[in-house]
Structures are given as structure tokens and as C-alpha cells.
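Chemist: Based on what follows, work out the 3D shape:
(one chain, ligands or ions: 1)
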Amino acid sequence: MPLIGEYKPSPAKWVRDQVELYESSGGTKGTTLRGMPVIILSTLGKTSGAVRKTPLMRVEHDGVYAAVASLGGAAKNPTWYANVLANPAVEVQDGPHRFDAIAREVTGDEKALWWERAVAAYPDYANYQTKTDRVIPVFVLEPV
Ligand SMILES: C[C@H](OP(=O)(O)OC[C@@H](O)[C@@H](O)[C@@H](O)Cn1c2nc(=O)[nH]c(=O)c-2cc2ccc(O)cc21)C(=O)N[C@@H](CCC(=O)N[C@@H](CCC(=O)O)C(=O)O)C(=O)O
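Modeler: From the prediction side, this is the model:
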């Protein structure tokens, strides 16, 4: 079930431009960052109720995806992290494929497994974690 609400683009031009190219090309352009695959995560704003669209590195295993709230190793979580906690029903676009999913934050051994998969997909995640005392959260996104 697609998320219902007004789409509010990111204030970051490079982000909203990537979302625009990704979606307007049907998931055939704007699908990478430095040659590595990117997905688009759509969430509902926890305050505004608006639809927010966030490019993330693609981390996938056996049809289940992960969303890594790295924010480049910043000291704080990205805003979309709070949105997903408040509204775990999300939408994912992976190339031309769009699907609904339920997000669940992972911890412990499960997180360690997904963190390994995330770093394998995008090695810079490991560098980001060394830059901050914040423990970078990871959600799994289970298609519904
Ligand atoms: C800039 C800010 O974005 P953010 O949600 O903090 O997310 C920051 C980044 O994570 C986001 O830009 C990502 O797309 C950056 N990014 C990645 N970010 C990551 O964290 N991980 C990645 O793997 C990643 C990959 C990636 C690849 C390509 C690319 O172009 C960008 C990539 C933002 O959109 N702020 C809005 C508000 C957004 C919002 O959700 N507001 C809530 C309110 C929330 C509240 O009340 O706290 C609402 O609408 O209700 C604003 O300031 O108006």
C-alpha cells in the first residue's frame, strides 16, 4: 500500500535531485553512488506526516533489505531514523522494483550479521562508525 501524504523533498539538493532522477527514470538512472547501488526509502514524517524520500546504499540478502542510518558518521542520527521508528511501514524502490516493507531495528547478533553485510556492500560504513561514538543504527526492511 503506497504511503499516503504530500511528498516533501529533501532540503539537500543533491539528495532530492537523485530521488527525482531515480523516480523519473523508472529506477534506471541515478541508481548508484560512486558506482555502488542505491535504493530509495520512503517514510512518513513523524511530525509532518509528509512522505519523505531518502536514498540509501543498497544492502540486501535473500530479498530482505537493510537501512543504515549512518549519516556519514555524524554525531546524530538522520531525521529519517526517527520517522521509521514512529512509522515502520515504509516503501522501498530498488531500481525499477517498488515494494512495501516493515522496518525493524536490529540489535545484538542480528545487527552484527547485517552490519557485516552492510560493510560488504558499502565499505565506507566501517569508516563512518570509527568517526563517531554514536552506534549507527540498522533497520531490516522486510517486504510485505
Ligand atoms: C536533511 C534531512 O535528511 P535526514 O532525514 O536527516 O537524512 C539525511 C541523510 O541520511 C539523507 O539525506 C540520505 O539520503 C543521505 N544518504 C545516506 N544516508 C544514510 O544515512 N545512509 C546511507 O546509506 C545513505 C546513502 C546515500 C546514497 C545516496 C545519496 O544521495 C544520499 C545517501 C532532512 O530531510 N531534513 C528535513 C526534515 C525531514 C523530516 O523527516 N522531518 C520530519 C520531522 C522529524 C522530527 O520531528 O524530528 C517530518 O517530516 O515529520 C528538513 O530539515 O526539512
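
Chemist: Show me which residues of this structure sit near the ligand.
Modeler: Within the chain, the positions adjacent to the ligand are 10-12, 14-15, 18, 33, 38, 45-48, 50, 52, 54-57, 68-71, 78-80, 82-83 by CB under 6 Å from any ligand atom. In this view, the C-beta of every residue, glycine as well, is placed from N, C-alpha and C.

Chemist: redo that, cut-off 8 Å
Modeler: By CB under 8 Å from any ligand atom, the residues of the chain that approach the ligand are 8, 10-12, 14-15, 18-19, 33, 38, 43-50, 52, 54-57, 67-72, 77-83, 122, 125.

Chemist: Can you name the residue of the protein nearest to the ligand?
Modeler: Nearest to the ligand, among the residues of the chain, is residue 45, at 2.2 Å (CB to the nearest ligand atom).

Chemist: these two touch, right, that residue and residue 52?
Modeler: Yes - between residue 45 and residue 52 a contact is recorded at 5.4 Å, counting by CB atoms under 8 Å.
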